[in-house]
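Trainee: Generate a structure from the sequence data that follows.
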Amino acid sequence: MIRPVFANTATVRARERFVLRGGSWRKVDLRVRCGLIQHPVHGPILIDAGYGPRMYEGARSLPLRAYAALLGPKLHPLESPLALLTDHGFLPEDVKLVIVTHLHADHVSYLHDLPNARFITDGQVSGRLKDGGFNEFLPHDFAERCEDLRDYACIDLPFYLGTGFDLLGDGSVLGVPLPGHAPGHFGICFPGDTPLLYAVDTQWMCAAILEDRLPGLPIAAIMSDRAAGRESADFVRRFAQAGGEVMTCHDPAPTRYDWSPSGV
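Mentor: Here you go, the predicted structure:
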């Protein structure tokens, strides 16, 4: 049974009520996770590529400078995807596949450092590489190295999730379309007796999904499709109610899948 481990590449501090309807005014440290799968055939596979130093260093566009100043993510270099790989005995060159759940900056910042990787993306992102994204995070040949999620074999998903995509050809890692947050946004299901659904950015906090406490403005305004986002949240909630396990990229609470660097 394949199970991922997740590093926390950065934290972003936000008022809880901005990401959870009815939440307090206290500040919470939202995590920015990226994951590692160790597969017996495909080797190390990354799930996204987190925040990295390109947020603050090198030639940067004015929009990226404004974005970094507004969110002010605190980087955790000891939990970068490169550190995650090293701690598990891999080099960046060993990574042949990255599952890119969507193209927001906090999911692609280390893609430049993975020279041999192909990228699984939803085909909806094709043609959108210059549509509001930060292209400085993407390798120059990003489009040529992409594989469309929807070209993979369809497969039935557990616990009423419907149909998804068999990303590794053995039913161990399944792509789950979860539209609403961003163009082409999708999650990942790991089947088993208690299947795990990594719902990525369907919402920032799990409680917003599981307790039906989706935030209003201003957070709701940045979703690419608010109605689709609500449907995706309902979809994930039904999965959890049927007995599935759910985690998201930014939930501040630690999970049993979170990794800590050796010796720290």
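Trainee: From now on I want contacts and neighbour counts done on CA atoms only, so please keep to that.
Mentor: Noted.
Trainee: Quick one: low-confidence residue ranges for the stretch 51-200 of the chain.
Mentor: 126-133 (pLDDT under 70).
Trainee: That one: helices as residue ranges?
Mentor: Secondary structure of the stretch 51-200 of the chain (DSSP state H, counting those that start in this stretch): helices at 62-71, 81-87.
Trainee: Out of these, the one nearest P44 is which?
Mentor: Counting by C-alpha to C-alpha, P44 lies closest to helix 81-87 out of those; the figure is 8.0 Å.
Trainee: Which other helices and strands does that closest one contact?
Mentor: Using 3 or more C-alpha pairs under 8 Å, 6 or more residues apart in numbering; DSSP states H and E, the elements in contact with helix 81-87 are strand 5-15, strand 27-39.
Trainee: mind checking which of the helices of the stretch 51-200 of the chain is nearest M223?
Mentor: Closest among these, using C-alpha to C-alpha: helix 62-71, at 16.0 Å.
Trainee: Skipping its backbone neighbours, what lies nearest R226 in space?
Mentor: Leaving aside its sequence neighbours, R226 sits nearest to G180 (C-alpha to C-alpha, 6 or more residues apart in numbering; 5.8 Å).
Trainee: for that neighbour, what are its contacts?
Mentor: Residues near G180 by C-alpha atoms under 8 Å, 6 or more residues apart in numbering: 202, 223-230, 232.
Trainee: Any quick PyMOL command for the buried ones out of those residues?
Mentor: Selecting only the buried entries of those in PyMOL, with 16 or more other C-alpha atoms under 10 Å as the criterion:
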select buried, resi 202+223+224+226+229+230+232
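Trainee: For the contacts of G180, give me JSON lines that also has secondary structure and pLDDT.
Mentor: What follows is the contacts of G180, written out as JSON lines (DSSP: H, G, I helix; E, B strand; the rest coil; pLDDT from 0 to 100):
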{"residue": "T202", "secondary structure": "coil", "pLDDT": "97"}
{"residue": "M223", "secondary structure": "coil", "pLDDT": "85"}
{"residue": "S224", "secondary structure": "coil", "pLDDT": "85"}
{"residue": "D225", "secondary structure": "coil", "pLDDT": "89"}
{"residue": "R226", "secondary structure": "helix", "pLDDT": "92"}
{"residue": "A227", "secondary structure": "helix", "pLDDT": "93"}
{"residue": "A228", "secondary structure": "helix", "pLDDT": "94"}
{"residue": "G229", "secondary structure": "helix", "pLDDT": "93"}
{"residue": "R230", "secondary structure": "helix", "pLDDT": "95"}
{"residue": "S232", "secondary structure": "helix", "pLDDT": "95"}
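Trainee: can you give me the strands in the stretch 1-150 of the chain?
Mentor: 5-15, 27-39, 43-47, 74-75, 97-99, 118-121, 146-148 (DSSP state E, counting those that start in this stretch).
Trainee: Arrange those strands in JSON lines, one row each, with mean neighbour count as further columns.
Mentor: Shown next, in JSON lines, are those (neighbours: other C-alpha atoms under 10 Å):
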{"stretch": "strand 5-15", "mean neighbour count": "21"}
{"stretch": "strand 27-39", "mean neighbour count": "22"}
{"stretch": "strand 43-47", "mean neighbour count": "22"}
{"stretch": "strand 74-75", "mean neighbour count": "18"}
{"stretch": "strand 97-99", "mean neighbour count": "24"}
{"stretch": "strand 118-121", "mean neighbour count": "23"}
{"stretch": "strand 146-148", "mean neighbour count": "17"}
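Trainee: Nothing else from me, thank you.
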